[in-house]
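Undergrad: this one's structure only:
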């Protein structure tokens, strides 16, 4: 199996910044010009009235100060997703008072993210989480956009592929089957510190304990038409599902060997033979968000390497985004909700 080395890690802005109190849930794209855009939500805390979408820009390897690009006070903005198609940059993001009531808006930019169109509903009249809910949209080999998304309604957490065959004009939902069961118990002494200090939009442990299922899939295409999804779960492991018809139908979700603490993950494949998964290798439901690691596979996710640590200190290191670029993996992740760390991995 190919070995990987961390070329460098650095924050994209100082953790003692004064623009906002909390920031989280980044998404990234590299433009043809070499400029990298990173969008994220930021505000006082998760679910507060000032939670807005912000954008950071890296030009000539230098990160510029972030700017707020989407905000309506008293309507929290969540989980942006950037994608490019030609020279246009698309921004999908959620609005809503809670995760269970959010819906998706879309905007676009034709000048590398300097200005943005007026936002509109991603699917007009549909006030559910359509298009991607957190991770990057897959542009499949047949030209379809396959958006990995999920819903959280009552106690059920479910994933699906939202497919557009006309570059975002229309979308159709294709569910990933899952039989719901009682979730793994929450172990108080292993609990993520953020739940203790109120970092989640919902902090009643009796409510959180009732949630079951999978959310926030990350998708890749291993060969034409063969689409795969790895998903965050409440069950102590990353779950997976597979499709052989471009995401139209999926097998029942099943557990992988990779632990999961019901926290966000991301996946990227490089040249069809190197798959990387960024995750917290913690098998406790709503467990600690450290360490943060990368595991690699050269057999399309059947088996994985020993995890390569990105962070192992106390704190929160979570919600990564990863893209494969020019023979490298480029990763960004939340660091204690004060900044994002950029990490670049090269083959040894």
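TA: Great, that's in hand. What you see is a predicted model, and the numbers here were worked out from it, not measured in a lab.
Undergrad: alpha carbons only for contacts and neighbour counts from here, please
TA: Fine.
Undergrad: In contact with the residue lying closest to residue 314 once chain neighbours are set aside, which residues?
TA: In space, and not counting its chain neighbours, residue 314 is closest to residue 290: 6.5 Å by CA to CA, 6 or more residues apart in numbering. For residue 290, the residues meeting the contact criterion (CA atoms under 8 Å, 6 or more residues apart in numbering) are 280, 282, 311-318.
Undergrad: Distance of residue 290 relative to residue 297?
TA: In this view, residue 290 and residue 297 are 22 Å apart by CA to CA, to the nearest Å.
Undergrad: now do residue 270
TA: 11 Å.
Undergrad: cool, and residue 31?
TA: Counting by CA to CA, the separation of residue 31 from residue 297 is 27 Å.
Undergrad: One more: residue 136?
TA: The separation that residue 136 has from residue 297, given CA to CA, amounts to 20 Å.
Undergrad: Who has more neighbours out of these two?
TA: Neighbours were tallied for residue 136 and for residue 297 using other CA atoms under 10 Å; the higher tally belongs to residue 136 (30 against 19).
Undergrad: Spatially nearest residue to the more buried one, not counting backbone neighbours?
TA: The spatially closest residue to residue 136, leaving aside those adjacent along the chain, is residue 81, at 6.1 Å (CA to CA, 6+ apart).
Undergrad: For the helix or strand containing the one you found, buried residues please.
TA: Residue 81 is part of strand 77-85 when elements are defined by DSSP states H and E. Buried residues in strand 77-85, counted by 16 or more other CA atoms under 10 Å: 77-84.
Undergrad: Following the chain past it, name the next helix or strand.
TA: strand 88-95.
Undergrad: and that following strand, what other elements does it pack with?
TA: In this structure, strand 88-95 makes packing contacts with strand 77-85, strand 103-109, judged by 3 or more CA pairs under 8 Å, 6 or more residues apart in numbering; DSSP states H and E.
Undergrad: what angle do that strand and strand 103-109 make?
TA: Relative orientation of strand 88-95 with respect to strand 103-109: 150 degrees, computed using axes from the mean of the first three to the mean of the last three CA atoms, to 10 degrees.
Undergrad: buried sites along strand 88-95?
TA: Burial within strand 88-95, assessed by neighbour count using 16+ other CA under 10 Å, is assigned to 89-95.
Undergrad: Rebuild those as a markdown table, extending it with distance to residue 120 and pLDDT.
TA: Putting the buried residues of strand 88-95 into a markdown table (distance: CA to CA, whole Å; pLDDT from 0 to 100) gives the following:
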| residue | distance to residue 120 | pLDDT |
| --- | --- | --- |
| 89 | 15 | 98 |
| 90 | 12 | 98 |
| 91 | 11 | 98 |
| 92 | 10 | 98 |
| 93 | 10 | 98 |
| 94 | 11 | 98 |
| 95 | 11 | 98 |
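Undergrad: Among those residues, which one sits closest to residue 122?
TA: Distances from the buried residues of strand 88-95 to residue 122 were compared by CA to CA; the smallest belongs to residue 92, at 7.6 Å.
Undergrad: In space, what's closest to the closest one - neighbours in sequence excluded?
TA: Nearest non-adjacent residue to residue 92, counting by CA to CA, 6+ apart: residue 106, 4.5 Å away.
Undergrad: what about that neighbour, neighbour count?
TA: 21.
Undergrad: got the contact list for it?
TA: Applying CA under 8 Å, 6+ apart to residue 106 gives the contacts 90-93, 119-122.
Undergrad: partner residues bridging it?
TA: The residues paired with residue 106 through beta bridges, assigned by DSSP bridges, are residue 92, residue 120.
Undergrad: And the pLDDT at it?
TA: Each residue has a pLDDT score; the one for residue 106 is 98.
Undergrad: roughly how far apart are it and residue 132?
TA: According to CA to CA, residue 106 and residue 132 sit 11 Å apart.
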